[in-house]
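Student: just the structure for this:
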Amino acid sequence: MDANMNTIKNIAVYCGASEGKIPEFKQQTVATGTWLAKQNIELVYGGGGVGLMGVLAKAVLESGGTVHGIIPQELFKRETAYKGLTQLEIVDNMSIRKARMIELADGCITLPGGPGTLEEASEAFSWALIGDNPTPVTFLNVNHYYDPLITMFDEMAANGFLSVNNREKLFFSDSLDEIYNFMVNYSTPEVRTYSHD
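Tutor: Residues are numbered from 1 along each chain as shown. The predicted structure follows:
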């Protein structure tokens, strides 16, 4: 491997606690779990057993992979955790969960999901822009689900709220292989500076 290439051993995946309304969401989540196991990449995720979260964990485990779940105490008490994970870490709250997932990951993949999924990925990317997250943030754009978000980030760059160079540090693709290639060749964004003019 090229000395300048990143080693990807653990990937944090953000995804919905429901399965969504079209079968492609579940199908691509299963494919992602299978792909992670075949690549010998450990899944780091939110520890849930419902929705796409549960589908993902099951797919990784059934393919012989390793899953590290991180779940807040509040959700664990509601018995939402996936039973039978390789490792389940119970933390005090959502903020600790998000920070811990980033800490453990060499990259992040965002599957379809709702506000929580979007918030996790957006926070990971915003942390990268201020120098607090060295890992790449990507979106698996299943069935064009994230097309509106692509437009939104392009608008941010066009209107000066995000540099063009840093816009290129957030990657959208419908291909896991393209996402992996982006992660391996990723370099961190230029840290944002502020003018006092």
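Student: where's the nearest residue to M94 once chain neighbours are set aside relative to I96, distance?
Tutor: In space, and not counting its chain neighbours, M94 is closest to P72: 5.3 Å by C-beta to C-beta, 6 or more residues apart in numbering. Where C-beta positions appear, they are placed from N, C-alpha and C, glycine not excepted. For P72, the distance to I96 (C-beta to C-beta, to the nearest Å) stands at 7 Å.
Student: higher neighbour count, these two?
Tutor: P72 (20 against 14; other C-beta atoms under 10 Å).
Student: got the contact list for that one?
Tutor: For P72, the contact set (C-beta atoms under 8 Å, 6 or more residues apart in numbering) comprises I90, V91, D92, N93, M94, I96, R97.
Student: output the residues you listed in TSV; the columns should cover secondary structure.
Tutor: TSV is the format used below for the contacts of P72 (DSSP: H, G, I helix; E, B strand; the rest coil):
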residue	secondary structure
I90	strand
V91	strand
D92	coil
N93	coil
M94	helix
I96	helix
R97	helix
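Student: among those, name the buried ones.
Tutor: With burial judged by 16 or more other C-beta atoms under 10 Å, the buried subset of the contacts of P72 is V91, M94, R97.
Student: what is the rounded mean pLDDT of stretch 167-175?
Tutor: Per-residue pLDDT over stretch 167-175 has a mean of 97.
Student: quick one: contacts of it?
Tutor: With C-beta under 8 Å, 6+ apart as the criterion, stretch 167-175 contacts 125, 128, 136-142, 146, 149-150, 153-154, 156-157, 178-179, 182, 186, 188-189.
Student: just the terminal-to-terminal distance for it.
Tutor: 19 Å (C-alpha to C-alpha, to the nearest Å).
Student: what residues of that stretch count as buried?
Tutor: So stretch 167-175, judged by 16+ other C-beta under 10 Å, has buried residues R167, K169, L170, F171, F172, S173.
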